[in-house]
Every structure is written in structure tokens, then in C-alpha cells.
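A.B. asks: give me coordinates for this.
(2 chains)
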There are 2 protein chains.
Amino acid sequence: MKAIDLLIHARWCLPMTGSTDIFEHYALAVHQGHIVALLPQDQADQQFTATQVHRLDDHVLMPGLINNHGHSAMTLFRGLADDLPLMQWLHEHIWPAEQRFVGDAFVEAGSALAVAEMLRGGTTTFSDMYFFPEATARVVDRTGIRASLGMVVIQFPTNWASDVNEYLHKGQALHDKYRHHPRITTNYAPHAPYTVDDATLAQIMVNAEELDVPIQMHIHETVSEIQTSIDNYGKRPLARLKELGLLSPRLIATHMTQLLPEEIADCARAGVHIAHCPESNMKLASGFSPIDAMHQAGLNITIGTDGAASNNDLDMFAEMRQTALLAKAVSGNPSAVPAYSALEMATINGAKALGIAETTGSLAVGKAADMIAVELTDIESVPMYDLASQLVYATGRDKVTDAWVAGKHVLKQKQLTTLDASKILSDAQQWAKTIKASS
Amino acid sequence: MKAIDLLIHARWCLPMTGSTDIFEHYALAVHQGHIVALLPQDQADQQFTATQVHRLDDHVLMPGLINNHGHSAMTLFRGLADDLPLMQWLHEHIWPAEQRFVGDAFVEAGSALAVAEMLRGGTTTFSDMYFFPEATARVVDRTGIRASLGMVVIQFPTNWASDVNEYLHKGQALHDKYRHHPRITTNYAPHAPYTVDDATLAQIMVNAEELDVPIQMHIHETVSEIQTSIDNYGKRPLARLKELGLLSPRLIATHMTQLLPEEIADCARAGVHIAHCPESNMKLASGFSPIDAMHQAGLNITIGTDGAASNNDLDMFAEMRQTALLAKAVSGNPSAVPAYSALEMATINGAKALGIAETTGSLAVGKAADMIAVELTDIESVPMYDLASQLVYATGRDKVTDAWVAGKHVLKQKQLTTLDASKILSDAQQWAKTIKASS
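C.D. replies: Predicted coordinates:
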């Protein structure tokens, strides 16, 4: 008998290691934060003696979801200004609010609220793009979630930095501080082609190579972005990025709603990853991302919630369902993005894009023990004919009962173990009062 | 002091009587199943002494949602066959399963599961279209939910009836049995233009006038339906229905994804109601319903889940959000179907279509006390800038804690009071075992 930290018996286990890998009455063995075995329950009981044992007789055990694009602190702007045209939303509401309120304390409170919401909803890893990432990093460090934090660069001054050099410098400092952290990685986050110039993008490419980190950018989010680029550069944004050499396996292209067939082919050839944010694209009427076409072309599709100001939640179960539904509706093909593919997009594909697939994204021996338990035997979940289908088309995030990151039990029977929910709620209400008073 | 049955104090109250009617710290007074007052809490305490008093300090009290199109017993086929082309789905899976299993016992078990799911998710009224409606009626009668049950007519034999005369006869019997029931009404439910001939439709119109009931029909669901009609009748289905005189305030046109501008104008002029089923249309890749255009044209839009075989849940909060998001994405207008309009579509508009707006759909004095409590102070629901927005864009059905129909407390702190959940679960699992064994 081998002594281990944790043994979890589950009714179902969906390790996301291949569509035929759906196991019943299996157990996952965890030691020192890593998965050491996934095997039938009776064998597990013969091989391991564990400090902690959990029995999940009504649950599926699966990898934690990976939210591959968001602006976590913007949870404090949840529902601040809805149902408005994009430019009015940005110019009259979001940007003034950001200018007035965004700082270290705002980002810390907003990130804590976001992490609480994400863990409760089954997300164990998130990629972020926001100012004051050092505040988000502190929240990630102390709450036990996993994150890839954006080193934001934008060509105009904000409360965080006054010019490109300061953005780059602060990003580098973030990277240096957390380079050996077990759960925090970084990525370059130039905001968008229309807010970052060629020289800065060239510099970011050099830096990203040196630090070996991904680059995430909002790309082809709206029709007007394309037109602005044609007016200013004589070409579409992707054509410009291609000439600059940015299309590569390092790039995570976010949104991507306006695409020509040759742009999809270019991205596929270059190994670009896609961060699809279906609900945000719908709510802002940005357009439909041709996910089925990109999926068929072999692109690695991942899923993100975007910020709560344009969503208005951080619900990866909803985004997963939306991805599967919208792909069918847009392509006219009811077989587009079947349930298991949507699950891959929300788990292992995200890990690949963030360069952390050796660590997370599936339940495989040697990886970190990042997983969730989802209850599947109540009224909303019966009958059960197909596990993947049930998870994507009929399961809400409220069915998530437990989450572990690197073996740590961060959500226990729906209770957060590393966050003070009452403080998060009172901080959020205090911020809302301040923001409301000024608007 | 007036003695009443029930007084509910709520942090927020959204009666759906107009977009500016959003009340804080109000109370709803109920007596003998009807609403007798909605007023500030201190006034309520002075005027009423109630047998039961509830305090909902973290909740909004609002009308129960109205699911205006579904096939409730099909919950037993939830996830039976997903991600398949429509014809393969129908011919190889759904129709054979229906032929084999659908009968009184199946419909009773499936309807009970559906009613349980709907009440837990905040739906207090549903419109149904399925075989053996007498079994569904028994479930509605004993569980306390409100329903408009379809008198189904289809031009081919099923387990329920062998020809049009038998369908009409059984429908009439259903209507006669429940004509004085306080919560059950009926509607004519000719399946679709391609499955019901002109003579039968003419007969149904006569009957519907006589019984004064609505007519619901799947109309313009798919492109192939239009083509089939052109091939068989030399005209599009709506043109044929118009000639037959079916376009009227009695008609609830379901799906309506393929529409010409003049068809929208015709329907608006005639006062036709729309039952929009966004998730079903997306999942089956049926097409996009031009909801914003129809809304602008003044049509009364209502929302339905469709059956669980093509959704795969009966979640009206999800459909409401989907309606608001999809209308924006399809029209390219981020102001299309704002949150409050989506709430109207899911409440009062449904009541209007079903001819029961005098009874339900809003919290107004004299109406039946059909309402739900939705908890809005936890992590996922803060901060709160706009109540309607929060309900539509950031609230899951799991936030529903209580439901009343005609003053009866049918969901009490998330527990069903009129249904035996364990029996429903075991019946569903038993049916699933039988169905799986045969497929």
C-alpha cells in the first residue's frame, strides 16, 4: 500500500484525455499536488492508503475549466451599463469609470470577487488582461487558483502606466516576481491592433520569445476595427500582424469575429490559438465568430468569458454551451462542435494555448491535481444518456460542488475555503455605492 | 387591519407592470389565491394581518416565468441523441423512440420530471404540445402548476390517435374535462403546416373560435419546410396560412426562423403571437429568428424552451438571456431586446398569447398570485446596478428559491412541496434504462 495525500472516488470520471475515456466508478489518486493514478475504485483501495478520502457517488470528476480570456477586476462593473451601442458603452460609461476608479485596491477587490465566482462555477485556471495585474497576482497567490496574468500594453496612458516603456517595465517586474511561482504564469497582452503600434508589437515579440510566454490580443473583434485598420494602415489587422511576424503558436487571438477564409488558413498554418468569447460577442453585437470553420481548419479553439462588464458573468458552463450552440447556428450544421469538443475547448485546449498543458487541462498522471466535481443526479440532470452531452447542454455551474487546484481543496461542498465571501460581498457593495454615487 | 392568507416582504419587487415599476422594500398581499395589494412594507404591516408571513431580504419577488412552447414529457429523452443532423435525429432516434415508448405512463413520468424542473427554475406556467395530454393534465392538476395544454393534431397516426377525427375528439374531451379548472386551459396544437392539411386547419379554426382558445403551431422552423411547401402548395407556409385565415390574434407561431419582411408585416397586422425558442433553433441549426425586427414591428414575442430532446433543459432564465443576446447578435444592434423587454417576453407576453393575461403574467391586484423569489445577494449577483439587467444577464435558475402558483407555495426554499422528487428520479432512471436497452 502506498501512502498518498488524497483519494477521490467518483461515480463518473471524465479525464479529457480522449473522447472514449469516460470511466465509471473510478478513483483519482493525488500526492503532493499531483495526480499519481486514475484507476478502478477497487484497485485504488488495494494500492493506496490516503490521508483524505472523498466519495462522490453522484458526481463526475473532471478537469477544472480554463477561462482563457477575461478582465477579472471588471466584475465590479457587472451590469453598470447594458443594452447600449459599443461606443456609447465605452466612451460614456466604461472608460470614464475606469479612469476614475481603477487602481490597486479596485483591482484587488474585483479580482477577489472574480476568483470567488470562477471557483464556485468550476473554473480553476484563468487568463487575465487588466491593469494593476500585481493586485490580481496577490489574489491568485493567496486563493490557490491558477492564472496566466497579462502584461498589458496599450498606447495611451491609464492609471497604471503612462507610456509604453512603463507598461513594459511593469509587466517585466510582474513576470520576474512570479517566474518561479507554481500557479502563476504570465503572458504579453497588447490590447489590440488599433491601440498598439508596430514598433511596440515588434518589441513585445522579442520579449515574449525571451521570456517564453504567450501573447494575447483582441483581434478582429468588430467590423469597425477592420475598417479603421484599412484607413490607417491600408490593410486588415491580421494582414498587418502577419507582416510583423506575430502569427505563431505564441499568439492567442481573442474574439476573431470578422474573418476571411484565407485569414483562417493563415492562422491555422501559423498555429495561432483562438480565444472565443461567444456571450460577449453577442451582447456587444460584435459579430459571429466562424468557430466551426476554424475548428475544421485545425485551429486550437479555447473559450473565455470576457469581463463581467460585457457578459455579465464569469460562467464557463454557459460559455461552453453557447460555443456548441452558436457554432451550429452560424454554420447551419447541427453536428458542428459536438459536446466533447466544447469540453476540450474549455479545458485542455486552454492549457495548450497558455503553454501549461504539461501542468493542467486534463486528469493525467504527472499533472497538477486541478479538478472539479459536478453533481449529476438531481432533477435537472436526469435521465443521463451521454455524459459529455449532459455536461454541455444540460448542466449549470450551480451543479459544481467541489474544486481542487494543485491538490488543494479550494471549493468544498460549495463553500470557498480560501476566500472570505462576506468580505468580498461587502467590498463589492462598497465599491458599487461609490461608483453609483459618481454616475 | 384586514386578515389575509399571505404577506410577502421582499427586498425588491418587479411586478412587470411597466419598466419604471421597480420597488424596494415592498410587500405583496395575497388572499384566497389572488393578489390583493402591492405596497411599501410599513404600510402593509399597518393594513394586513396575515396567516403566513415571509421575509425575502435578499430576493426579488417577480411573476413566475411562462414557458410558452414545449413538449414536457420529452424530458425523458434529454440528451438521447445530440449533435446530429435534424433528419437523422428525427428519423433514427426521436420518432422510433416515441413510437416505441410514448404512452400514458411515459407522458405522466416525463411531465412530472418537467414540472419539477420548471418549478425549480422559476417557471409557473407552461404551454405544452404533446401526445397523451390527459396524462400531463393529471400532473398539472395535482402539482399546482399552471398550464395551457395542447389539443394535438397531426395528419398521421401515433400511439395516441389514429386519424384526424380521433385527435380532434380526444382534444375536445380534454377541453371539456378541464374547462372549469382554475389552472388548466387548452389550446389547439396542429403540429405544423407540413403535417396538417387545409381541411383540418379549417376545422381547427372553427373549433378554436367556438371554444375560444389559442392555436399554436410550429411555423417556418427550417429552410426545408419552406421549400417543401413551395413544392407541394406552390407557396410558402405563411402565405398558405394567411389564405386559410389562420393569421389572427388566436395564433401562436412557434420558431419562425425564416421570414421575409412582408411576412413579418402580415403577422404584425394580424396580431399573431410569436413563441421564440432560441436554444432549440441554435442546437438544431434551424436558423436565426429575426426577433429584433419582429419586436420593432410590434409583434407580441414570447419565449419557450421547446422539448428537452432539443435543448436539453427547461431553463427559462437561460432562454431569456439567449433571447436578449441573440437578438443583438442577429440584428447587429447592441440595444436590441434590452433586459426589461426580455423579462416581458418571459412573463406578461406569454400570458397575453395564451389568453390568460387577466389571470397571470404580472403582479397586479386581482390576478392570481403566481410569483417567484430570486436570491440576488450572493457572489454571482453583486454588485447590483440594474435589477432587470442582473436578472437577464447574470442570474441562473439556481437563484430561484421559492415559487407560488395561485397563492400555493409549490417551491419552498428550493424544495418541491407538491412533487415527490425521489419518485420522479427513480421513474426517470427506470425509463432511461428501458430506452437505453432498446437503442
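A.B. asks: walk me through the domains of chain A.
C.D. replies: In the domain annotation for chain A, the residue ranges read A:2-62+A:371-405, A:65-353 (automatic domain parsing).
A.B. asks: beta partners of the residue nearest to the spatial centre of chain A?
C.D. replies: Per C-alpha atoms, centre = their mean, the C-alpha nearest to the average position across chain A is that of A:N67, at 1.5 Å. A:N67 has the following beta-bridge partners by DSSP bridges: A:F126.
A.B. asks: who are the contact partners of it?
C.D. replies: A:118, A:123, A:125-127, A:303-305, A:314, A:316, A:350 (C-beta atoms under 8 Å, 6 or more residues apart in numbering or on different chains). From N, CA and C alone the C-beta is placed, and that goes for glycine too.
A.B. asks: can those go into TSV with extra columns for neighbour count, pLDDT and secondary structure?
C.D. replies: Conversion of these to TSV gives the following (neighbours: other C-beta atoms under 10 Å in any protein chain shown; pLDDT from 0 to 100; DSSP: H, G, I helix; E, B strand; the rest coil):
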residue	neighbour count	pLDDT	secondary structure
A:M118	31	98	helix
A:T123	30	99	strand
A:T125	29	99	strand
A:F126	30	98	strand
A:S127	28	98	strand
A:I303	28	98	strand
A:G304	31	98	coil
A:T305	30	98	coil
A:L314	31	98	coil
A:M316	28	98	helix
A:G350	34	98	helix
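A.B. asks: ok, so of the residues you listed, who is nearest chain B?
C.D. replies: Of all those, the one with the least separation from chain B (C-beta to the nearest C-beta) is A:L314, at 8.5 Å.
A.B. asks: please pull out the lowest mean pLDDT helix or strand from chain A.
C.D. replies: helix A:86-88 (a mean of 81; mean pLDDT, DSSP states H and E).
A.B. asks: that one near chain B anywhere?
C.D. replies: Yes - between helix A:86-88 and chain B, judged by C-beta under 8 Å from any C-beta of the partner chain, the touching residues are A:L86.
A.B. asks: who are the packing partners of that helix?
C.D. replies: Using 3 or more C-beta pairs under 8 Å, 6 or more residues apart in numbering or on different chains; DSSP states H and E as the contact criterion, helix A:86-88 has no neighbours among helices and strands.
A.B. asks: and that helix, which residues are buried?
C.D. replies: A:L86 (16 or more other C-beta atoms under 10 Å in any protein chain shown).
A.B. asks: what helix or strand is the residue nearest to A:Y194 when sequence neighbours are not counted located in?
C.D. replies: Nearest residue to A:Y194, sequence neighbours excluded (C-beta to C-beta, 6 or more residues apart in numbering or on different chains): A:T228, at 5.5 Å. Taking DSSP states H and E as the criterion, the element that holds A:T228 is helix A:223-233.
A.B. asks: other SSEs contacting that helix?
C.D. replies: Based on contacts counted as 3+ C-beta pairs under 8 Å, 6+ apart, the elements that helix A:223-233 packs against are helix A:237-243.
A.B. asks: flag every buried residue along the helix it packs on.
C.D. replies: Applying a neighbour-count criterion of 16+ other C-beta under 10 Å, one finds A:237-242 buried in helix A:237-243.
A.B. asks: so what strands line up beside the longest strand along chain A?
C.D. replies: Ranked by number of residues, the top strand in chain A under DSSP state E is strand A:48-63. When pairing is defined by DSSP bridges, strand A:48-63 lines up against strand A:2-13 (parallel), strand A:371-375 (antiparallel).
A.B. asks: buried sites along it?
C.D. replies: By neighbour count on 16+ other C-beta under 10 Å, the buried set for strand A:48-63 is A:48, A:50, A:54, A:56, A:58-63.
A.B. asks: ok, stretch A:222-240 next?
C.D. replies: If you call a residue buried by 16+ other C-beta under 10 Å, then stretch A:222-240 has these buried ones: A:222, A:225-226, A:229, A:236-240.
A.B. asks: returning to that earlier point: what's the most buried one of the strands paired with strand A:48-63?
C.D. replies: Counting by mean count of other C-beta atoms under 10 Å in any protein chain shown, strand A:371-375 has the highest mean neighbour count of the strands paired with strand A:48-63, with a mean of 25.
A.B. asks: contacts for it?
C.D. replies: For strand A:371-375, using C-beta under 8 Å, 6+ apart, the contacting residues are A:8, A:10, A:28, A:54, A:56, A:58-65, A:122, A:124, A:363, A:381, A:391, A:395, A:399-404, A:411.
A.B. asks: swap in stretch A:163-182?
C.D. replies: Residues outside stretch A:163-182 that contact it (C-beta under 8 Å, 6+ apart): A:33, A:133-134, A:137, A:141, A:149, A:151-155, A:157, A:160-161, A:184-186, A:188, A:200, A:203-204, A:207, A:211, A:213, A:406.
A.B. asks: cool, stretch A:229-239 as well?
C.D. replies: Contacts of stretch A:229-239 from elsewhere in the structure, counted by C-beta under 8 Å, 6+ apart, are A:193-194, A:219-220, A:225-226, A:240, A:243, A:247, A:259-260, A:263, A:266-267.
A.B. asks: please consider this matter closed, and thank you.
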